[in-house]
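Novice: starting from these lines, generate the structure:
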Amino acid sequence: MNSNCTISLPGPVINKYEPAYRTFWNNILPTINLLKSSVLVSFSGALRIHIAFLLMNISSVFWNCLAGGLIIYSVYTLDRAMDSEEDMANRPELKGASNRTALVVSLMCFVAGAAILTINGLMIIAFLPLITGYLYSKGLKIGKFDLKLKGGLGKKNMVVGITWGAFIAGIAGVGATTVVTPLIVFLYFAMKLFINSTIYDFKDIKGDMLAGIRTLPVVLGQGKAKKLLFSLHLLSHSILLVSIIAGFIAFEPVIIIYSLLIGLIYIKSFAEQVEKETKKRLTKRLFMIDGESTSITGLRTLVYGAAI
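Specialist: Modelled structure (predicted):
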């Protein structure tokens, strides 16, 4: 018997399964891109919670940081799976992704994160981002009452800053002896995340204009919007400095100095429109903005390790 034989499927059989085969491979890469697009921001968010513990001079709780990261991942992945018009204009690599897969993964991550926080008495904090995200995307309408957080001219950025600032400070501040300390940390992260989300709007000016989205760079212009970000950045660190002197937060020179300097650098460098972002610029932006908390944590570990 000749072993070098081939088996051919009839043409109609191949034609029957070819569309499904092509659809599978055409969707799998965008789906992977969608699932991994929020990994860095969730890891950064978990480390921001750790930094909040340090600023409050409270022992960091690993499981709470992990839970916070899981919830951040689920909320951002869920948001990107909603197929909003501006997302399709600004992130074409996600077009064709499986929203069902993203929803399942997001739900699993949220349930895991919420369970950990609920066990530790933080159930309300666990559901805060999800509730805010729903009110932002869908809104709530009961009779004549209509509540929707989505809007232009910085409203989105305010929602991002306030929600995640409260989330971070709420998780880290559960053991604080005074409400002032979590409030200061909340203000710091709320302004920082407002700034960071606005910087991303500079990159997406063209897509936002096409979608009719009234972001701060679109409405105020790049110059005025950039000055606003510098002012908020200096204000947030001034609050930290005064709070250190007053004894409300811990003296953390690595965190304060690095945050101040890197913020000035990335506002100057990335608060501007670009026609097409190069890989080099993208890498720098991810390192400086999304990777800021990672850099701070690593640098602080080196400094204090060397000091010991």
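
Novice: in the stretch 51-200 of the chain, which spans are strands?
Specialist: Here the stretch 51-200 of the chain has its strands, by DSSP state E, counting those that start in this stretch, at 140-142, 145-147.

Novice: looking at the ones you listed, which has the lowest confidence?
Specialist: When these are ranked by mean pLDDT, strand 145-147 comes last with a mean of 56.

Novice: buried residues in the helix or strand containing residue 264?
Specialist: Per DSSP states H and E, residue 264 falls inside helix 253-270. Within helix 253-270, the residues that count as buried by 16 or more other Cβ atoms under 10 Å are 254, 255, 256, 258, 259, 260, 262, 263, 266, 267, 270. (C-beta placed from N, C-alpha, C; glycine too.)

Novice: and the residues you listed, which two are the farthest apart?
Specialist: Largest separation among these by Cβ to Cβ: 254 and 270, giving 22.9 Å.

Novice: about what we covered before: so what touches the next helix or strand after the helix holding residue 264?
Specialist: Once helix 253-270 ends, the next helix or strand along the chain (criterion: DSSP H and E) is helix 279-285. The contact list for helix 279-285 (Cβ atoms under 8 Å, 6 or more residues apart in numbering) reads 266, 269, 270, 274, 277.

Novice: which other helices and strands contact whatever helix or strand comes next after helix 279-285?
Specialist: Counting by DSSP H and E, the next helix or strand C-terminal to helix 279-285 is helix 292-307. Applying 3 or more Cβ pairs under 8 Å, 6 or more residues apart in numbering; DSSP states H and E, we find helix 292-307 packed against helix 39-55, helix 253-270.

Novice: including distance to residue 117, could those go into CSV?
Specialist: CSV is the format used below for these (distance: least, Cβ to Cβ, whole Å):
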stretch, distance to residue 117
helix 39-55, 11
helix 253-270, 24
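
Novice: between those helices, which gets nearest to residue 302?
Specialist: helix 253-270 (9.0 Å).

Novice: enumerate every residue touching the residue nearest to residue 230 when sequence neighbours are not counted.
Specialist: The shortest distance from residue 230 to any non-neighbouring residue, by Cβ to Cβ, 6 or more residues apart in numbering, is to residue 267 (5.8 Å). Contact analysis of residue 267 by Cβ under 8 Å, 6+ apart lists 195, 199, 226, 229, 230, 233.

Novice: which among those residues end up buried?
Specialist: 195, 199, 226, 229, 233.

Novice: out of the residues you listed, which one has the lowest pLDDT?
Specialist: Note: of the buried ones among the contacts of residue 267, the lowest pLDDT belongs to residue 199, at 91.

Novice: list the contacts for it?
Specialist: By Cβ under 8 Å, 6+ apart, the contact set of residue 199 is 229, 266, 267, 270, 271, 289.

Novice: likewise for residue 56?
Specialist: The contact partners of residue 56, taken as Cβ under 8 Å, 6+ apart, are 172, 173, 176, 181, 182, 185, 249, 250.

Novice: show me how to select, in ChimeraX, the buried members of those.
Specialist: Filtering these down to the buried ones (16+ other Cβ under 10 Å) takes a single ChimeraX command:
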select :172,173,176,181,182,185,249
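
Novice: out of the contacts of residue 56, which one has the lowest pLDDT?
Specialist: Among the contacts of residue 56, residue 176 has the lowest pLDDT, at 87.

Novice: which residues touch that one?
Specialist: Counting by Cβ under 8 Å, 6+ apart, residue 176 has contacts 56, 58, 182.

Novice: need the helices and strands packed on helix 292-307 in TSV with distance to residue 125 and mean pLDDT, can you?
Specialist: Formatted as TSV, these follow (distance: least, Cβ to Cβ, whole Å; pLDDT from 0 to 100):
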stretch	distance to residue 125	mean pLDDT
helix 39-55	11	94
helix 253-270	22	95
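
Novice: what's the closest of the ones you listed to residue 205?
Specialist: Minimum separation from residue 205 across these (Cβ to Cβ) falls at helix 253-270, 12.4 Å.

Novice: neighbours of residue 63, how many?
Specialist: Residues near residue 63, counting by other Cβ atoms under 10 Å, number 12.

Novice: residues in contact with residue 259?
Specialist: Residue 259 is in contact with 192, 237, 292, 296, counting by Cβ under 8 Å, 6+ apart.

Novice: again, 7 Å this time
Specialist: Contacts for residue 259 (Cβ atoms under 7 Å, 6 or more residues apart in numbering) come out as 237, 296.

Novice: where in the stretch 1-150 of the chain is pLDDT low?
Specialist: Scanning the stretch 1-150 of the chain for pLDDT under 70 picks out 1-27, 82-98, 136-150.
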